[in-house]
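S.K.: build me a model from this:
(one chain, ligands or ions: 1)
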Amino acid sequence: MDNKITFKKLDKENYETLKEWWHSERVKQFWDNSEKMEEDVDNYVLKGQKSYYDYYIGFYDGVPYALVMTSEQTADDYYEYYKDYLSKTGKTFAIDFMIGNENFVGKHLSSLTLRTFVEQYSDEEADRFIIDPEYDNEIAFKCYKGAGFVDVDSYVVNDGFFKGKKLHLMIRGREKQQAIDEKPFIPTER
Ligand SMILES: CC(C)(COP(=O)(O)OP(=O)(O)OC[C@H]1O[C@@H](n2cnc3c(N)ncnc32)[C@H](O)[C@@H]1OP(=O)(O)O)[C@@H](O)C(=O)NCCC(=O)NCCS
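M.R.: Predicted coordinates for the structure are as follows:
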C-alpha cells in the first residue's frame with residue numbers, strides 16, 4: 001500500500017480541530033479529557049510549554065485525522081505500572097492514540113497509522129513503546145495488536161481519571177514489522 005501517512009507536532013493550525021476530536025462522545029468514552037489534560041495541551045500549543053507529553057497530529061494525504069501523544073519514561077520519572085517494562089538499551093516512550101476525524105474511523109487505518117508512527121519516530125534512541133488500552137476498549141486492543149504491540153501484562157489503575165479500570169499493558173520495539181493482514185484503506189468523503 002502506498003503509505004500517505006505523515007506526522008507533525010501539534011501547533012495552532014490544528015488546535016481547534018484537535019479540541020473537537022477530544023470532546024466528541026466517541027473519544028470521550030476512553031480519553032482523559034480532565035482539566036489537567038486540557039491545561040497540558042493548552043500550555044503546549046498556546047504557550048509552547050511542554051510538561052510531560054508531546055502531541056503529534058497524523059495526516060492522511062494532507063488531511064488531519066489522528067493524534068499520537070508520547071511521554072518519555074525515564075529511570076527517574078516513569079508511570080508506576082511501567083516500571084518492569086522500561087528499555088535497558090534505549091529510551092522508552094508511552095503512547096496515547098486516537099483516530100479523531102470521523103471520516104477515518106472504522107476504515108482499518110489505525111494499525112497502519114500507529115505502526116508508521118513508531119517505525120519513523122524522530123527520536124532514534126527510542127527502542128521501546130508502551131501502550132495500555134482498557135479491557136473494555138476492544139477496538140483499541142485489536143488496533144495495537146495489528147500495529148505489532150504485544151500484550152505482556154495488565155493492571156488496575158489505583159487513582160486519577162482511569163481509577164478502577166483494568167488495562168492491558170502492551171509493548172513493542174521500533175523495528176519495521178511486516179503487517180500480518182493489511183487491509184485496503186479507501187478514503188470516503190472528507
Ligand atoms: C481505537 C481507535 C484508534 C481505532 O481506530 P478505528 O478507526 O476505530 O479502528 P479500525 O477500523 O482501524 O479497526 C481496528 C480493529 O478494530 C476492529 N473493529 C473495528 N470496529 C470494531 C467494533 N465495533 N467492534 C469490534 N472490533 C472492531 C477492526 O476489525 C480492526 O481489527 P482487525 O484489524 O483485526 O480487523 C479509534 O476507535 C479511536 O480513536 N477510539 C477513541 C479513542 C480511543 O479509544 N483511543 C485509545 C485509547 S487506549
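S.K.: assumed residue 154 was part of a strand.
M.R.: Yes: the assignment for residue 154 (DSSP: H, G, I helix; E, B strand; the rest coil) places it in a strand.
S.K.: now do the phi/psi pair for the nearest residue to it once chain neighbours are set aside.
M.R.: Of all residues not flanking residue 154 in the chain, residue 168 sits nearest, at 5.6 Å (C-beta to C-beta, 6 or more residues apart in numbering). In this view, the C-beta of every residue, glycine as well, is placed from N, C-alpha and C. Dihedral angles of residue 168 (phi, psi; degrees, to the nearest 10) stand at phi -80, psi 150.
S.K.: for residue 14, same thing?
M.R.: The phi/psi pair for residue 14 (degrees, to the nearest 10) is phi -110, psi 10.
S.K.: contacts for stretch 146-163, please.
M.R.: 32, 34, 37, 81, 84-85, 110-115, 118, 129, 131-132, 134-135, 141, 145, 164-172, 177, 179-181 (C-beta atoms under 8 Å, 6 or more residues apart in numbering).
S.K.: and residue 115, what does it touch?
M.R.: Here residue 115 is in contact with 146, 147, 148, 177, 179 (C-beta under 8 Å, 6+ apart).
S.K.: in which helix or strand does the fourth one reside?
M.R.: Assigned by DSSP states H and E, residue 177 falls within no helix or strand.
S.K.: can you tell me the closest non-neighbouring residue to it?
M.R.: residue 148 (4.5 Å).
S.K.: burial of the closest residue in space to residue 10 that isn't next to it in sequence, as a residue count?
M.R.: Computed as C-beta to C-beta, 6+ apart, the closest residue to residue 10 that is not its neighbour in sequence is residue 55, at 3.8 Å. Neighbours of residue 55 under the rule other C-beta atoms under 10 Å: 20.
S.K.: cheers, nothing more for now.
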